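Trainee: fold the following and give me the result.
(2 chains)
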Amino acid sequence: MHARNASKGIDWVLVGLYMILCAIGVISIFGATYKEGDPILQSFTSFKTDYGKQLIFWVLAMIIAVFIMVTDSKFFTATANLWYAFGIVLLLLVFPFHTEIKGTRSIIRFGSFQLQPADLCKVFVALALAKYLSRVETDFSKTKSQLIATAIALTPAILSILQQETGLALVYFSFFLVMFREGLPAGILIIGFSFAVLVVATLLMEPNTLAMILTGIALAAIYILRRQIKRRKQLLIAIIGIWMVCVGVQRFLVPYVFESVLQPYQVKRIYDTIGKDYVPSGGTAVLEEVPAKKKDDSGDYNVKQSKIAIGSGGFAGKGLLKGTQTRYDFVPEQRTDFIFCTIGEGFGFVGSFILMAVYFLLLMRIITVAERQRSVFSRAYAYGVASILFFHIAINICMTIGLAPVIGIPLPFISYGGTSLITFTAALFILIRLDADRQMVLR
Amino acid sequence: MSVFNQSRSTVIRLIVAGVFLIIVAQLVNLQLFSSKYEALAFNNAVYPKVRYPDRGIIYDRKGKAILNNTIMYDLEVTPSQIKGVDTSFLCKLVEIDTAEFKKRIVTAILKNGRYRPSIFEDLLTPEMHARLEENIYKFPGFALVERPVRVYPFKAAAHIMGYIGEADSGNIKRSNGFYRLGDYIGKTGLEAYYERVLMGKRGVEYLIKDNKNRLVGKYENGIYDTAAVAGRNLHTYIDIELQQLAEKLMQGKVGAVVAIEPKTGGILSMVSGPNFDPNMLTGPNKQQNFNKLFLDVSSPLLNRAIKGQYPPGSTFKPLGALVALDEGIITPSFGIGCGGAYYGCSRPVKCTHNNAGHAANLRLAIANSCNSYFTHIYRLSVDAAKYKGVKSGYQKWKQYMNAFDLGVRVGVDLPSEDRGNIPDSSVYNKVYRNSWNSCTNLTLGIGQDMMLATPLQLANSMCIIANKGYYYTPHFVKNIEDETPADSIMNPFRIKHEPLTSIPDDAYEAVISGMQDVVEIGTARVAKLPDINVCAKTGTAENYRVIDGKRTKLKDNSVFVCFAPRENPKIAIAVIVENAGYGGTWAGPIAALMMEKFLNDTLRTERLKEVERIAAANLMPGWLVREQYKADSTRAYNWFKMTKDSSAIKRFLRRDYKKDSLQQKENSPTPIRDIRTTWQRPEAILPEQYFITHPVTA
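Mentor: Numbering: from 1, shown residues only, chains lettered A, B, ... in the order given. Presented below is the predicted three-dimensional model:
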């Protein structure tokens, strides 16, 4: 009976796009890690090579997907908060039980198996956030509700930052897209965007020049709005207040965050992205940290090699297994975070564009699916999945082509890694399950 | 509310679309509009390894290889693979200490990185190679690698062949980037002149390297590789046995020998003394040997056959006669009465003969080498009425000289030839403030005054006489293997120059008969050969040198020119031995032995004693000891000033050594230094080694 229900109402477009992406992933990992002379068929079927492993992870992920498909969709609404609580407990367990790997303290090890709760938790947050937003008593136009939703989304992020895993923490900010869809005032997004612009401007410009520009903008605003200001004095106060906040951010907050909150290697990566040299300034603490983190100073090299790999692909690419950059290990981490290089070098602009198109179709399809949901839970969850995927895709690819700092987050469905593939698969198939039952009213 | 939220969905779609658009735009920028990345990726991953071709071989006229290639071995090290090497044992085999070992490993890492092989010790001596080959399995990370090396099997013809060395910045700049650092290039001699022919074409092998610079295989299975094309061989006119004989005869002498085949201009032999074994400048220790040769004041590296400039003296007289004959100023029967000197000008020119009739005609004048006769006909030539004045007359005479390749570069196929000196009339104008006449430089007629010629030019002048008026530019290379018309390098040697073919045969016969008389009854009787009519002319030229700031007259230079056989000339020779006295004393016997060897292909047994006698003669000028002492002690002093290391200078301050060196008589011979040693053990470099000193006792 379950089997009959399970296949009914499935959005085959999503499933199809998912299959395409996973296939691209296995081929790319094959292209990145195949060593001359390996017996291809045997390698694929054995558990020894990375592409063989990825194929098995895919099969595992599909099995989990089938389990999800045969589960009643009410299960997810009912257990959403439970999952979230489970995630938070896992995150807290990390503090006493973590193993330090590559400078992060966010990983728990069980033998050869590694678990990164901060990575897993994003699905739980998507569920919990959807649950909270879909409550009858939640009035999302109230500030209190907005603050609670923000707290649900950002608690794992804060824990993640405490575990020195800033990259993953950033992913949780993508849930603002969900909240925006559910009625968060647009102004907050605009303020967030303006804040980002201000931070980047602070990094790029001389402090005094920027301060003068900000002052200039403030004076211009006062001049343009002088009539209104005559009538309402508050406007003047508001403008001056905004000006003071901006200068405060530029003068004190950004330098403070860079020197005291972020790790030196992270600061360096940010500087590398905007094309400036990082000169550690101020406290001795920073100076001491630099040699200790020397291994991570290769951020600039990675991006350079990655850009060379993608750029050298040209229009049609060099062909699978023909890329010299990716074949001979010039690009580091190329089966995981820098997998896009293999595609860019091997299949050129055509291949990269097709991949971008598939991703774009996937995201558009998820949003379409979200909009046809009758329950707020399903819609909010769908947007949650879309936001997570969008953030991963955008940051990962931007990082390989030099538009974003190097943040170690995987490319969904394509990067090598069992946990990541299974997490994304589960997130997507929960959505497909929910969508299949969209005629039901869920709470 | 719903409409409002629907629009938010659109906003989210637009945000996604916007970000994707930015990504695609950057992809377009990187992949479609930036061409640099392809090159960067190529340079990253592809290592073009240059494959050097074998240089061409040089053969003598009988097809014997006088310059060949052999294989020597370099010891290479790949620093990343050194594990468990018994360092002290390796150091013992290579004869270095452990500090030097560490230094070399660090240098190797700095130069080529840990994962690529670098040269640890180059050009191993045969013994060292044998020792290492036995034990190389004990030294992981070390390997013996073949390296082609030039070798001179006959240990002869150093100055002709030249040597190769690494291209310096000048070579690289001049070649417009054709040569790269580390390439070998011909530095002198035929190696340099025929560089483009001998070097062949370099090949390139494209190898893949990985992120650690390890070479991991061929790029694209080698479809872009180009094979190296071996250099082309040269076939020369050189007779290597004749060359070896000449080198033996010139042992312990300063001077030069040039032998040319008159019919072709092909040079049979060219020796410059002092000489050295060309193998010294290949293989191990080439740098030390070079320093040794370079710092020797007797300049063994100098090729005196093309760079030594000597007054030809009496050997010029036959040419002076030919000019007068061509001008129509004299006929073979022209004669003068000479009473022991030429009194035509205020200062008399002495003649060795004063008996009546010794200059009654041209033949007799040459046979008796009458100074009066030749100064007279020189004056007649330049003062000829048709030139209206001595200056234009002299210019015409100079044109003749230049046509004989005197005073201009002959154009032999060796680099850096000197031109000798036939001064322009403007030089005389300057020296004599415009007031001079044929009396001023009348000794030009007997090959003195400002006239200077190289031994090669003298030998060439013999060819003109032997050929009765024509000659080919002297050269070594008969033909290039697989020669094509594109090898324009050979063109100048195939042009027949005919400066004097207008002179009638009987005039030539008079000159040639005169020269034969020199051998039969005159000063060159030492050059007489059984059954062969030899024509020759001796010369004894005054020899001045500035020593310690004073112009000192030294023992005369012995000059000798000849050709044989008279009827069908096959060899023309010029020999100059510095500080050796009369032309017939040393230069003549050397030329005689060479003619006999070349024409009969062997020497009579009784002549072998003569070979040994001449070879054993030490005619090294005595001033060399003094000059060497000055040069070495100055260098030691400078070294002392620089380093405060007095060990080098001490020996020069030793009283007896100083006395012996400084009181050496100008004309007593210098002990001969053995500079023909080759392939010695490399020794630790001590300061003394920078200063090559003369052993006091032979």
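
Trainee: switch to C-alpha atoms for all contacts and neighbour counts from now on
Mentor: OK.

Trainee: if I look at residue B:653, how far off is chain A?
Mentor: 59 Å (Cα to the nearest Cα, to the nearest Å).

Trainee: residue B:555: what secondary structure?
Mentor: Recorded secondary structure, residue B:555: strand (DSSP: H, G, I helix; E, B strand; the rest coil).

Trainee: for it, which non-adjacent residue is spatially closest?
Mentor: Using Cα to Cα, 6 or more residues apart in numbering or on different chains and skipping residues adjacent in sequence, the residue nearest residue B:555 is residue B:579, 4.7 Å away.

Trainee: can you check the pLDDT for that neighbour?
Mentor: The per-residue pLDDT reported for residue B:579 equals 87.

Trainee: OK, contacts around it?
Mentor: By Cα atoms under 8 Å, 6 or more residues apart in numbering or on different chains, residue B:579 lies in contact with B:254, B:543, B:554-558, B:619-621, B:667.

Trainee: how about residue A:383: what's its closest non-neighbour residue?
Mentor: Using Cα to Cα, 6+ apart, the nearest residue to residue A:383 is residue A:178, at 5.4 Å.

Trainee: quick one: that neighbour and residue A:380 touch, right?
Mentor: Yes. A contact is recorded between residue A:178 and residue A:380 when judged using Cα atoms under 8 Å, the distance being 6.2 Å.

Trainee: chain B contacts on chain A?
Mentor: A:177, A:180-183, A:307-315, A:324-325, A:328-330, A:348-349, A:352-353, A:356, A:360, A:364, A:367, A:371, A:390, A:394, A:397-398, A:401 (Cα under 8 Å from any Cα of the partner chain).

Trainee: more crowded one of residue A:178 and residue A:380?
Mentor: residue A:380 (29 against 26; other Cα atoms under 10 Å in any protein chain shown).

Trainee: the helix or strand hosting that one: what's the following helix or strand?
Mentor: Using DSSP states H and E, residue A:380 falls within helix A:376-400. Next in sequence after helix A:376-400, counting helices and strands by DSSP H and E, comes helix A:418-436.

Trainee: okay, buried residues for that following helix please.
Mentor: A:418-436 (16 or more other Cα atoms under 10 Å in any protein chain shown).

Trainee: ditto for stretch A:127-138
Mentor: A:127-134.

Trainee: got those residues as a markdown table, with distance to residue B:202, pLDDT and secondary structure columns?
Mentor: Compiled in a markdown table, those are given as follows (distance: Cα to Cα, whole Å; pLDDT from 0 to 100; DSSP: H, G, I helix; E, B strand; the rest coil):
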| residue | distance to residue B:202 | pLDDT | secondary structure |
| --- | --- | --- | --- |
| A:127 | 68 | 94 | helix |
| A:128 | 71 | 94 | helix |
| A:129 | 70 | 93 | helix |
| A:130 | 71 | 93 | helix |
| A:131 | 74 | 93 | helix |
| A:132 | 75 | 92 | helix |
| A:133 | 75 | 90 | helix |
| A:134 | 76 | 89 | helix |
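
Trainee: of those residues, which is the nearest to residue B:602?
Mentor: The closest of the buried residues of stretch A:127-138 to residue B:602 turns out to be residue A:127 (Cα to Cα; 109.5 Å).

Trainee: residues in contact with the closest one?
Mentor: A:76-77, A:80-81, A:83-84, A:381.

Trainee: nearest to chain B: which residue in the stretch 301-443 of chain A?
Mentor: Using Cα to the nearest Cα, the single residue of the stretch 301-443 of chain A nearest to chain B is residue A:312, 4.0 Å away.

Trainee: inside helices: which ones of the residues of chain A next to chain B?
Mentor: Those of those mapping onto helices are A:177, A:180-181, A:307-312, A:324-325, A:348-349, A:352-353, A:356, A:360, A:364, A:367, A:371, A:390, A:394, A:397-398, per DSSP state H.

Trainee: show me how chain A divides into domains.
Mentor: A:2-188+A:298-436, A:194-294 (automatic domain parsing).

Trainee: among these, which is the most enclosed?
Mentor: With neighbours defined as mean count of other Cα atoms under 10 Å in any protein chain shown, those peak in mean count at domain A:2-188+A:298-436, which reaches a mean of 20.

Trainee: so how far is that one from its chain's centroid?
Mentor: Put simply, domain A:2-188+A:298-436 sits 7 Å off its chain's centre (Cα atoms, centre = their mean, to the nearest Å).

Trainee: still on that earlier bit, what's the neighbour count on the residue nearest to the residue of the stretch 301-443 of chain A closest to chain B when sequence neighbours are not counted?
Mentor: Once flanking residues are discounted, residue A:312 sits nearest to residue B:38: 4.0 Å by Cα to Cα, 6+ apart. Close neighbours of residue B:38, defined as other Cα under 10 Å, add up to 19.

Trainee: again with residue B:347
Mentor: Residues within reach of residue B:347, counting by other Cα under 10 Å, total 11.

Trainee: before we move on, what about residue B:607?
Mentor: Neighbours of residue B:607 (other Cα under 10 Å): 12.

Trainee: quick one: end-to-end length of stretch B:256-271, please.
Mentor: Distance between the two ends of stretch B:256-271: 5 Å, counting by Cα to Cα, to the nearest Å.

Trainee: for that stretch, what is the average pLDDT?
Mentor: So the average pLDDT for stretch B:256-271 ends up being 95.

Trainee: same thing with stretch B:532-548?
Mentor: The model assigns stretch B:532-548 a mean pLDDT of 86.

Trainee: test my guess that residue B:400 contacts residue B:323.
Mentor: Yes. Assessed by Cα under 8 Å, residue B:400 is found in contact with residue B:323 at 7.0 Å.

Trainee: ok and the residue in the stretch 101-250 of chain A nearest chain B?
Mentor: Closest to chain B within the stretch 101-250 of chain A is residue A:181: 5.7 Å, counting by Cα to the nearest Cα.

Trainee: for that residue, which non-adjacent residue is closest in space?
Mentor: Excluding its sequence neighbours, the residue lying closest to residue A:181 (Cα to Cα, 6+ apart) is residue B:8, at 5.7 Å.

Trainee: got phi/psi on that neighbour?
Mentor: Main-chain dihedrals, residue B:8, degrees, to the nearest 10: phi -70, psi -40.

Trainee: now do residue B:267
Mentor: Note on residue B:267: its backbone torsions stand at phi -80, psi 120 [degrees, to the nearest 10].

Trainee: distance check, it against residue A:386.
Mentor: Noted for residue B:267: a distance of 90 Å to residue A:386, by Cα to Cα.

Trainee: gap between residue A:370 and residue A:392?
Mentor: If you go by Cα to Cα, the gap between residue A:370 and residue A:392 works out to 19 Å.

Trainee: give the contact list for the residue nearest to residue A:383.
Mentor: Residue A:178 makes contact with A:380, A:383-384, A:387 under the criterion Cα under 8 Å, 6+ apart.

Trainee: give me the sheet partners of the lengthiest strand in chain A and which way each runs.
Mentor: Across chain A, the longest stretch assigned as strand under DSSP state E is strand A:104-110. Applying DSSP bridges to the sheet, strand A:104-110 is found paired with strand A:98-101 (antiparallel), strand A:113-115 (antiparallel).

Trainee: quick check: which of those strands is nearest to residue B:56?
Mentor: Among the strands paired with strand A:104-110, the nearest to residue B:56 by Cα to Cα is strand A:98-101 (61.1 Å).
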